[in-house]
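Novice: what's the 3D shape of this:
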Amino acid sequence: MANACGWVCSDSVSARVMCTSSVEGASASHSRLPRFVSKGCKLVGCGSAVPSLKVSNDDLAKIVETNDEWISTRTGIRNRRIISGKESLVGLAAEAARKALEMAEVNPDDVDLVLLCSSTPENLFGSATQIPKALGCKKTPLAYDITAACSGFILGLVSGSSHIRGSGFKNVLVIGAEALSRYTDWTDRGTCILFGDAAGAVLLQACAVEDDCLFGFDLHSDGDGHRHLNATMEQKELDDAADSNGSVVGFPPNHASYSCIKMNGKEVFRFAVGVVPQSVEFALQNAGLTVSSIDWLLLHQANQRILDAVAKRLEVPSERVISNIANYGNTSAASIPLALDEAVRSGRIQPGHTIAAAGFGAGLTWGSIIIKWG
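Specialist: Below you'll find the model as predicted:
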């Protein structure tokens, strides 16, 4: 049964998060969940941006012991883009957002909210607030960051739609942007072959409830799996000696920096192939749909073998699976909107097509969402 905002109510945790009426014993005035207005939500524009520097497998073979065949056979990756020169994460994110607004024919000043999904912001305190400035917004929309690694964009879509349904916002930019090259160990052939930099964006817009295009979702996290994929903070001790003026010994005590990305590939593969098909099925159940109802399966572009394995378990034909990993590698939160934008602009994804999208990665986090394009 669908609630007033068009999301399907069920016994799942994900559905209960969205439906205040399903919280047992809670009235609208006392519930900690928002009271939703009768609004739908649709995707009306998309855009993407990638750095100019292309790094091929042959290029990597010059710095680590590897080759094109070894990389492409195991991952499906042949090229990736890397930020260089004066390029920046904010610049890529703003370019992707600008293209999404242009497709939607929406002025930047009409944007109410900017969500930047990224684990690699250019500022410790986040980079989202810099996007409206880069877009030239005369007004100041609310902007904040979402950090959920490769699942970030899925969480961004759910969060953005919630703001539209529950807070009265009309236009919400959801951007996935990453500069993973800054945290890549270029001497580790197990990880440096995987990652690239990119940005992708969509514009979510309020609509009549009967035109709602976000049908259902499923979200999870499990901190126990953090050890399999992370870039942790490391403490570096400073000198303990007091200076000639008698400053406090041992202060400041340390300096923090982040390690390069560390990954147990076999465990991450096992995790993704195990949880993603189930998550997609849960999201479809929440939407009241079946696998046969979807036109496209759009997964986080982590590894072609993962894409193939998930599609096989869901019994989705390969021709209905979106994949651009060969050209860009794993771009974390940017991978889904980047692949979506290319598929829309190439004409593969048409207005009215139903898409099952799923993200999975560090945290560990994973989730799926069922959407209709256009």
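Novice: Now the nearest residue to Leu43 once chain neighbours are set aside: which helix or strand?
Specialist: Closest residue to Leu43 apart from its sequence neighbours, by CB to CB, 6 or more residues apart in numbering: Val202 at 5.4 Å. Every residue, glycine included, has its C-beta placed from N, CA and C. Using DSSP states H and E, Val202 sits within strand 197-207.
Novice: Walk me through which strands that strand pairs with, and which way each runs.
Specialist: Here strand 197-207 is paired, per DSSP bridges, with strand 40-49 (antiparallel), strand 171-179 (antiparallel).
Novice: Save those as TSV, and put in distance to Val64, mean pLDDT and mean neighbour count too.
Specialist: Shown next, in TSV, are the strands paired with strand 197-207 (distance: least, CB to CB, whole Å; pLDDT from 0 to 100; neighbours: other CB atoms under 10 Å):
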stretch	distance to Val64	mean pLDDT	mean neighbour count
strand 40-49	27	97	24
strand 171-179	20	98	31
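Novice: Can you add distance to Ala326 and give those strands back as CSV?
Specialist: Listed next are those as CSV, based on distance: least, CB to CB, whole Å:
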stretch, distance to Ala326
strand 40-49, 16
strand 171-179, 18
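Novice: nearest to Trp186, of the ones you listed?
Specialist: Of all the strands paired with strand 197-207, it is strand 171-179 that lies closest to Trp186, at 14.1 Å by CB to CB.
Novice: residue ranges of the helices in the stretch 101-250 of the chain, please?
Specialist: 130-135, 152-167 (DSSP state H, counting those that start in this stretch).
Novice: follow-up on the earlier one: let me know the angle separating the strand holding Val202 from helix 152-167.
Specialist: Counting by axes from the mean of the first three to the mean of the last three CA atoms, to 10 degrees, strand 197-207 lies at 20 degrees to helix 152-167.
Novice: Longest helix in this protein, please.
Specialist: Longest helix in the chain by number of residues (criterion: DSSP state H): helix 265-287.
Novice: And the helix or strand following that one, what does it pack against?
Specialist: As assigned by DSSP H and E, the chain's next helix or strand after helix 265-287 is strand 296-299. Counting contacts by 3 or more CB pairs under 8 Å, 6 or more residues apart in numbering; DSSP states H and E, strand 296-299 packs against helix 304-314, strand 321-322, helix 335-345, strand 354-361.
Novice: and strand 296-299, which strands flank it?
Specialist: Short version: by DSSP bridges, strand 296-299 pairs with strand 321-322 (parallel), strand 354-361 (parallel).
Novice: burial measure for the residue lying closest to Ser84 once chain neighbours are set aside, as a count.
Specialist: Nearest residue to Ser84, sequence neighbours excluded (CB to CB, 6+ apart): Leu53, at 4.5 Å. By other CB atoms under 10 Å, 15 other residues sit near Leu53.
Novice: Show me what Leu53 is bridged to.
Specialist: Beta-bridge partners, per DSSP bridges, of Leu53: Ile82.
Novice: doesn't Lys86 make contact with it?
Specialist: No. Using CB atoms under 8 Å, Leu53 makes no contact with Lys86, being 11.8 Å away.
Novice: quick one on the thing from earlier: put the alpha carbons of the longest helix of the chain into CSV.
Specialist: Output of helix 265-287 as CSV, limited to C-alpha atoms (Å, rounded to 0.1, in the frame of the first residue of the first chain):
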residue,chain,number,x,y,z
GLY,A,265,39.5,-7.5,-2.7
LYS,A,266,38.2,-11.1,-2.2
GLU,A,267,36.1,-10.1,0.8
VAL,A,268,34.7,-7.0,-0.9
PHE,A,269,33.7,-9.1,-3.9
ARG,A,270,32.1,-11.7,-1.6
PHE,A,271,30.2,-9.0,0.3
ALA,A,272,28.9,-7.3,-2.9
VAL,A,273,27.7,-10.4,-4.7
GLY,A,274,26.0,-11.6,-1.5
VAL,A,275,24.1,-8.4,-0.4
VAL,A,276,23.4,-6.4,-3.5
PRO,A,277,20.9,-8.9,-5.2
GLN,A,278,19.0,-9.2,-2.0
SER,A,279,18.9,-5.4,-1.5
VAL,A,280,17.6,-4.9,-5.1
GLU,A,281,14.9,-7.4,-4.4
PHE,A,282,13.9,-5.7,-1.2
ALA,A,283,13.7,-2.3,-2.9
LEU,A,284,11.5,-3.9,-5.7
GLN,A,285,9.2,-5.4,-3.0
ASN,A,286,8.9,-2.0,-1.4
ALA,A,287,8.0,-0.6,-4.7
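Novice: All good on my end, thank you.
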